[in-house]
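Asks: pasted the sequence and its predicted model underneath.
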Amino acid sequence: MCRGRMRKLKAAMAGATPAPPLSFTLTVPFPSCLEAQIAHDTLAPDAEPRRGGITKQLSVNRNILRVQWQADEARILRVSVSSFLDLLSLAIQTMDRFGPPLSEQ
Amino acid sequence: MTVVLGFEGSANKIGVGIVRDGTVLANPRRTYITPPGQGFQPSDTARHHRACVLDVLQEALQEAQITAQDIDCVAYTKGPGMGAPLLTVAIVARTVAQLWKKPLLGVNHCIGHIEMGRLITGAKNPTVLYVSGGNTQVIAYSEHRYRIFGETIDIAVGNCLDRFARVLKISNDPSPGYNIEQKAKKGTKFVELPYTVKGMDVSFSGILSYIEEAAHKMLLSGDCTPEDLCFSLQETLFSMLVEITERAMAHCGSQEVLIVGGVGCNVRLQEMMAIMCKERGARLFATDERFCIDNGAMIAQAGWEMFRSGQTTPLEQSWITQRYRTDEVEVTWRD
């Protein structure tokens, strides 16, 4: 937390452009494209807080779910990634227990 | 036949209910209970819900003796409530809706309470007192909205009771409010407390501060017992609630009162409301802890009404929201 603030402060004091944001990328393979899509649609609706200093983007490529974060502070990034992993794990557990998905008819 | 599955987890209860055309087929629930003196924090509560939501879902399906195919719609609490617990439960609802190819429906938690109360009691068009740990509202229906006639301007009545229980280190099992109610029965001395009705609204935070301070002094000096304080607090808070409910009834010309929400299963509150109703020649409707306290069936029931009137929530609009007022919802299922 301190590091992020200090960095912002220093940047502001020097009148320089702020340092590039921190980023994190997660890729998760699923057994099928359908399951990857279900995970995506389950996890995508809730946006990060608008002025929270963080953005998150979800996408699906075949059976791979990809999530990309950009944040100003390491603390905020850590909290967001960690809570996302909890929810992802819950979605996967739900699929394991109440799946497999009915395929397109 | 329409079967709706409902998920609720906006506070410290996690429930899954199944309703088929006005019949509750199953309604299992678990409560996250904290040690005496402690409230429930969002992240711990979310962890609790994550750990047991799938078991509760399985239990509901088994008890109702239905399979995924029999379900027509998956309803979940969209808000209001604590963010992390709401989201946990929404994730499961969205996942199963997709696995089973069923439409999804985001339900306002307060509307869930009202519709469950109407279903169970058969009240047609009541003035509703909605009292819980997070909400305190007097509501009446008019022109496709549940309109808020009066509400708390600070904390909810249940929050006032819960936090007072923490001061006295009263157990949170099964709930702080229940334990206060039992203690209050043994109270003999009335300690005067501030009475803060402001027009149609009420305020509880000042009463809480006052009784917190008084508790330490008076208990130490032996001026009163914890039981006396529980009794006095209940009498004061509930008098205020009865007063604003009566005023709303007078405004609306209503002859029915329905009490919903977790505090609504307090028998003393029901007694006091019954006295007022008797004086006005009105009828009182209330339910017991199964349906008053947060549960999955109430979300399923509100979902049933909404789904039958043609509503569903597209996945991309299924975000949860911590703030979601009762009067934001257009009531499409009533005349």
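Replies: In hand now; what should we look at?
Asks: now do the phi/psi pair for residue 75.
Replies: Let's take chain A. When quoted as degrees, to the nearest 10, the phi and psi of A:R75 stand at phi -60, psi -50.
Asks: nope, chain B please
Replies: For B:A75, the backbone dihedrals (degrees, to the nearest 10) come out as phi -100, psi 150.
Asks: just give the closest residue to it, not the sequence neighbours.
Replies: Spatial nearest neighbour of B:A75, chain neighbours left out: B:G303 (2.7 Å); criterion: Cβ to Cβ, 6 or more residues apart in numbering or on different chains. Backbone N, C-alpha and C define where each C-beta goes, glycine included.
Asks: quick check: which element contains that neighbour?
Replies: In this assignment (DSSP states H and E), B:G303 forms part of helix B:296-308.
Asks: what's the first-to-last distance across stretch B:119-135?
Replies: 21 Å (Cα to Cα, to the nearest Å).
Asks: sorry, that was for stretch B:89-107
Replies: End to end - Cα to Cα - stretch B:89-107 spans 12 Å.
Asks: what do you get for stretch B:98-115?
Replies: 26 Å.
Asks: do stretch B:321-335 as well
Replies: By Cα to Cα, one end of stretch B:321-335 lies 27 Å from the other end.
Asks: pull out the buried positions in that stretch.
Replies: Burial within stretch B:321-335, assessed by neighbour count using 16 or more other Cβ atoms under 10 Å in any protein chain shown, is assigned to B:324, B:326, B:329, B:331, B:333.
Asks: about what we covered before: and the helix holding B:G303, what's buried?
Replies: Buried, per 16+ other Cβ under 10 Å, within helix B:296-308: B:296-307.
Asks: repeat that for stretch B:156-176.
Replies: Here stretch B:156-176 shows B:156-168, B:170, B:172, B:175-176 as buried, counting by 16+ other Cβ under 10 Å.
Asks: what's next to it, contact-wise?
Replies: By Cβ atoms under 8 Å, 6 or more residues apart in numbering or on different chains, the residues outside stretch B:156-176 that reach it are B:31, B:33-39, B:131-136, B:155, B:177, B:179-180, B:183, B:202, B:204-205, B:207-208, B:211-212, B:215, B:226, B:229-230, B:233-234, B:237, B:241, B:261-263, B:293.
Asks: rerun at 6 Å
Replies: By Cβ atoms under 6 Å, 6 or more residues apart in numbering or on different chains, the residues outside stretch B:156-176 that reach it are B:33-34, B:36-37, B:131-136, B:177, B:179-180, B:204, B:208, B:212, B:215, B:226, B:233, B:237, B:262-263.
Asks: return the distance of the longest helix that chain B contains from the chain's centre.
Replies: Longest helix of chain B, by residue count under DSSP state H: helix B:226-252. For helix B:226-252, the separation from the chain centroid amounts to 17 Å (computed by Cα atoms, centre = their mean, to the nearest Å).
Asks: same deal with stretch B:86-100?
Replies: 22 Å.
Asks: for B:K186, give its distance to B:M273.
Replies: Taking Cβ to Cβ, to the nearest Å as the measure, B:K186 and B:M273 are separated by 22 Å.
Asks: neighbour count winner among the two?
Replies: B:M273 (24 against 12; other Cβ atoms under 10 Å in any protein chain shown).
Asks: please, which helix or strand holds the more buried one?
Replies: Using DSSP H and E, B:M273 falls in helix B:267-280.
Asks: ok so, going back, what angle do the longest helix of chain B and helix B:267-280 make?
Replies: Following axes from the mean of the first three to the mean of the last three Cα atoms, to 10 degrees, one obtains 40 degrees for the angle between helix B:226-252 and helix B:267-280.
Asks: pull out the buried positions in helix B:226-252.
Replies: Under 16+ other Cβ under 10 Å, the buried positions of helix B:226-252 are B:226-238, B:240-249, B:252.
Asks: same check on stretch B:286-299?
Replies: Buried, per 16+ other Cβ under 10 Å, within stretch B:286-299: B:286-287, B:291-299.
Asks: go on, stretch B:65-78?
Replies: Buried residues in stretch B:65-78 (16+ other Cβ under 10 Å): B:66, B:71-78.
Asks: all strands for chain A, in order.
Replies: A:22-29, A:54-61, A:64-71 (DSSP state E).
Asks: helices and strands around the last one, which ones?
Replies: It stands for strand A:64-71. Strand A:64-71 sits against strand A:22-29, helix A:33-43, strand A:54-61, with contacts defined as 3 or more Cβ pairs under 6 Å, 6 or more residues apart in numbering or on different chains; DSSP states H and E.
Asks: ok, back up a step: most packed of the strands of chain A?
Replies: Counting by mean count of other Cβ atoms under 10 Å in any protein chain shown, strand A:64-71 has the highest mean neighbour count of the strands of chain A, with a mean of 18.
Asks: and the contacts of that strand?
Replies: A:21-29, A:36, A:39-40, A:54-59, A:77.
Asks: what's the closest non-adjacent residue to A:D86?
Replies: Per Cβ to Cβ, 6+ apart, closest to A:D86 is B:R50, 6.6 Å.
Asks: residue numbers of the stretch 151-300 of chain B in contact with chain A?
Replies: Residues of the stretch 151-300 of chain B lying close to chain A by Cβ under 6 Å from any Cβ of the partner chain: none are found.
Asks: in the stretch 151-300 of chain B, what residue lies closest to chain A?
Replies: B:G296 (15.6 Å; Cβ to the nearest Cβ).
Asks: output the buried residues of stretch B:321-335 as CSV; include the columns pLDDT and secondary structure.
Replies: Shown next, in CSV, are these (pLDDT from 0 to 100; DSSP: H, G, I helix; E, B strand; the rest coil):
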residue, pLDDT, secondary structure
B:Y324, 97, coil
B:T326, 97, helix
B:V329, 97, coil
B:V331, 98, coil
B:W333, 97, coil
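Asks: from those residues, which is closest to chain A?
Replies: For the buried residues of stretch B:321-335, the nearest to chain A is B:Y324 (14.0 Å; Cβ to the nearest Cβ).
Asks: care to break chain B down by domain?
Replies: B:3-114+B:294-328, B:125-290 (automatic domain parsing).
Asks: give me the distance from the longest one to the chain's centre.
Replies: The gap between the average C-alpha position of domain B:125-290 and the chain average comes to 13 Å, counting by Cα atoms, centre = their mean.
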